[in-house]
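1. sequence first, predicted coordinates after that:
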Amino acid sequence: MSTVNVLAEKPTLSVIIPVYNGREYLSEAIDSLLRQTAIPDEIIIIDDGSTDGTDQLIADYCAAHSFIRLIRNARGGVSAARNKGLDIATGQFIYFMDADDYVGPTLFADFIREKQACPDLELFGFSAKMFPDLPVEKRTYENAHGRATVGLFKGGTQTLQQLLDTESAHRVLWSSVISRELINRSGSVFLPIQNHEDAPFMFNLYLHARCLFLTANAYYFKRYSLGSLSVATRDFSWVKNYFIAREGTEKAILASGILVDNKLVDYYYSPVMGGCLAMVRKHDMAVPKEYQPAFSSLVRKMTRNNLKFSIIWYCHPLYTSLTWCKRKLSGFSMT
């Protein structure tokens, strides 16, 4: 096969959207996919036991568009839904999307262009913006999940270190289009947890990818709501799921045979680790007996030579006061 023919090949693409009671927002997500300048080959929507008519909305889209598929699932959580979507998807590349967000119109066309320019490409990563859960005319957008390091890279520990140094190693799924072959080769699956489930999956991909392309362009627009699962969780499950995710990452590293310094894993998970301390202290959570040794070790690790986390853990009222003052001062301007 000639080089010209190789470059002309268009990769097939499957979009996987898990949804539970998402009728209010789902149309905006689907419509953004239908407005793509390069339409995906299939859109798989897993209805995870919704009770608000979400399944009928999806069925209406399926009737109008043959490449949209509705999969009805007993309530099993986002990880089970994504794993089911992976079992069904036929595309050479996979894109995971949340049901209450939307994507820019050139996402897949720009991905295809980069893939055709670099046939070895296995992960196309990009930036995102966040917007409040308001009507379109009232929305404002904030830069979030940026990619300060851009270009072509070979996967592995050195690249992951470089990306972490510039906050460009995202622990979320929706800012990457991913090769199915990479997912299969790395043995990546979603753990049965409701928080941090993306993190071990993405760590594995960064480790095994033959070629990544990262861009600072923002193609994903994430809705921010105080009612979202990650924000609303107020019990120890958020912390417990970190330990499960971390254990999953360590097991995957061991199985891969790749040498990875534990400090790199700490670096990758450090925002989550700090969040665990802040959440337990802020909400005065009781740490279950079986997790007390692991959590005590986490506290020691995060507060050692770290003033911010020492204040969060040992002087939380002071930390709360300081953050309040910071917010007030940030809104003050000299005239």
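-> On my side now, so go ahead. Numbering: from 1, shown residues only.

2. who are the packing partners of the longest strand belonging to the chain?
-> Longest strand of the chain, by residue count under DSSP state E: strand 212-224. Applying 3 or more Cβ pairs under 8 Å, 6 or more residues apart in numbering; DSSP states H and E, one finds that strand 212-224 contacts strand 102-103, helix 107-117, strand 123-132, strand 151-153. (Glycine included, C-beta is placed from N, CA and C.)

3. neighbouring strands - and their directions - for it?
-> Here strand 212-224 is paired, per DSSP bridges, with strand 102-103 (antiparallel), strand 123-132 (parallel), strand 151-153 (antiparallel).

4. mean confidence for stretch 19-27?
-> Throughout stretch 19-27, pLDDT has a mean value of 96.

5. what do you get for stretch 126-139?
-> The average pLDDT within stretch 126-139 is 94.

6. buried set for it?
-> 126, 127, 128, 129, 130, 131 (16 or more other Cβ atoms under 10 Å).

7. list the buried residues in the helix or strand containing residue 24.
-> Element membership for residue 24 (DSSP states H and E) is helix 23-34. Of all the residues in helix 23-34, those buried under the rule 16+ other Cβ under 10 Å are 23, 25, 26, 29, 30, 32, 33.

8. all strands of the stretch 51-200 of the chain, in order?
-> 68-72, 93-96, 102-103, 123-132, 142-144, 151-153, 176-179 (DSSP state E, counting those that start in this stretch).

9. quick one: the ones you listed as a markdown table, columns for distance to residue 314 too.
-> Below are these laid out as a markdown table (distance: least, Cβ to Cβ, whole Å):
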| stretch | distance to residue 314 |
| --- | --- |
| strand 68-72 | 49 |
| strand 93-96 | 39 |
| strand 102-103 | 42 |
| strand 123-132 | 32 |
| strand 142-144 | 30 |
| strand 151-153 | 40 |
| strand 176-179 | 38 |
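
10. quickly, which of those bottoms out on average pLDDT?
-> Among these, strand 142-144 scores lowest, at a mean of 91.

11. can you list contacts of that one?
-> Strand 142-144 is contacted from outside by 127, 128, 129, 130, 131, 218, 222, using Cβ atoms under 8 Å, 6 or more residues apart in numbering.

12. look up how far residue 93 lies from the fifth one.
-> So the one you mean is residue 131. 26 Å (Cβ to Cβ, to the nearest Å).

13. next one: residue 105
-> Distance from residue 105 to residue 93, by Cβ to Cβ: 18 Å.

14. please apply the same query to residue 32.
-> Residue 32 is 18 Å from residue 93, where distance means Cβ to Cβ.

15. residue 324 should be in a helix, yeah?
-> Yes - counting by DSSP: H, G, I helix; E, B strand; the rest coil, residue 324 is located in a helix.
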